[in-house]
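Novice: the sequence and its predicted three-dimensional model are supplied below.
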Amino acid sequence: MEIWSQASAATRRMSALLTLVALLYVVSYLTGWYLISIRNPAAVHFAETLTHTILTQRPFTTVIGALRAGNLAQAILLTFVFNLTSGAFLSTTLPGILPLVGVFGVVVITLVRGFTVGVTYPAVLASSPAAFIVGMGTLLLELGAYVFSGAAGINIALAPIFPGRQGVQSRWAAFKAAWRDAARVYVIVIILLALGATWEMTGIFLLMKPT
């Protein structure tokens, strides 16, 4: 309970940043969705190229191989580990190690990711009612996790520039405090990504089964 209480307190301290990152995802997703809906040539080409790349490279091929072999647990674990390390920490939290510059890094990654999902997911969601349920659940859980990891990254990048936000005067103390808050909110990130990986892989596994 203490861990959850600390995570909740850190979330409240980062509420403004969480709102900002969530809005960036919504705006960039809707932009991608709109361009795909009007069949913008550049957006369509980007979506097709990206989809082909994803479907033919790791970790997707490894995960699909595990599902085809009936190893659902392995597919869930691989998806969770990849999303936690690459999707959350390396891309949206670690950039915060660069004071102020890290803010722009996280923002750019957030906008690109939201746009990417916006141009690729409509086809998935429209393919069948079951795919819509699986895709929407995955979208909410995984992007929800990235909202928290992104806000943590921005918070870290801002800490040495505005130490008062952390309630201290020392830039170094503020930097360390921001990392402690990041560790606390990662409890939520881990839970959301674990649920997302389980939901997504179980859904794909069931969809792959012959009817």
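Specialist: Received the coordinates, thanks.
Novice: could you check the pLDDT of the residue positioned nearest the centre of the chain?
Specialist: In the chain, the residue lying closest to the centroid (C-alpha atoms, centre = their mean) is Tyr146, at 3.1 Å. In the predicted model, Tyr146 carries a pLDDT score of 98.
Novice: any idea which element it lies in?
Specialist: When elements are defined using DSSP states H and E, Tyr146 is found to belong to helix 129-158.
Novice: now do the buried residues in that helix.
Specialist: Taking 16 or more other C-beta atoms under 10 Å as the neighbour-count basis, helix 129-158 is seen to contain the buried residues 131, 134-135, 137-139, 141-158. No exception for glycine: its C-beta is placed from N, CA and C like everyone else's.
Novice: off-centre distance for the lengthiest helix in the chain?
Specialist: Longest helix in the chain by number of residues, with DSSP state H as the criterion: helix 171-208. Relative to the chain's own centre, helix 171-208 is displaced by 8 Å; criterion: C-alpha atoms, centre = their mean, to the nearest Å.
Novice: same check on stretch 12-20?
Specialist: In this view, stretch 12-20 has its centroid 16 Å away from the chain centroid, taken as C-alpha atoms, centre = their mean.
Novice: then stretch 161-180?
Specialist: 25 Å.
Novice: hmm, back to that, other SSEs contacting the helix holding Tyr146?
Specialist: Helix 129-158 makes packing contacts with helix 15-37, helix 101-127, helix 171-208 when contacts are defined by 3 or more C-beta pairs under 8 Å, 6 or more residues apart in numbering; DSSP states H and E.
Novice: could these go into TSV alongside distance to Gln74, mean neighbour count and mean pLDDT?
Specialist: Supplementary listing: these in TSV, determined by distance: least, C-beta to C-beta, whole Å; neighbours: other C-beta atoms under 10 Å; pLDDT from 0 to 100:
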stretch	distance to Gln74	mean neighbour count	mean pLDDT
helix 15-37	29	17	97
helix 101-127	23	18	94
helix 171-208	9	19	96
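Novice: Ile64: which of these is closest?
Specialist: The closest approach between Ile64 and any of the helices and strands packed on helix 129-158, judged by C-beta to C-beta, belongs to helix 171-208 at 8.0 Å.
Novice: what's the local residue count around the closest residue to Ile204 other than its chain neighbours?
Specialist: Of all residues not flanking Ile204 in the chain, Leu67 sits nearest, at 6.2 Å (C-beta to C-beta, 6 or more residues apart in numbering). Taking other C-beta atoms under 10 Å as the neighbour definition, Leu67 ends up with a count of 21.
Novice: and Leu67, how far from Glu142?
Specialist: Counting by C-beta to C-beta, to the nearest Å, the gap from Leu67 to Glu142 is 17 Å.
Novice: which residues touch Val101?
Specialist: Ala157 (C-beta atoms under 8 Å, 6 or more residues apart in numbering).
Novice: right, I'll leave it there.
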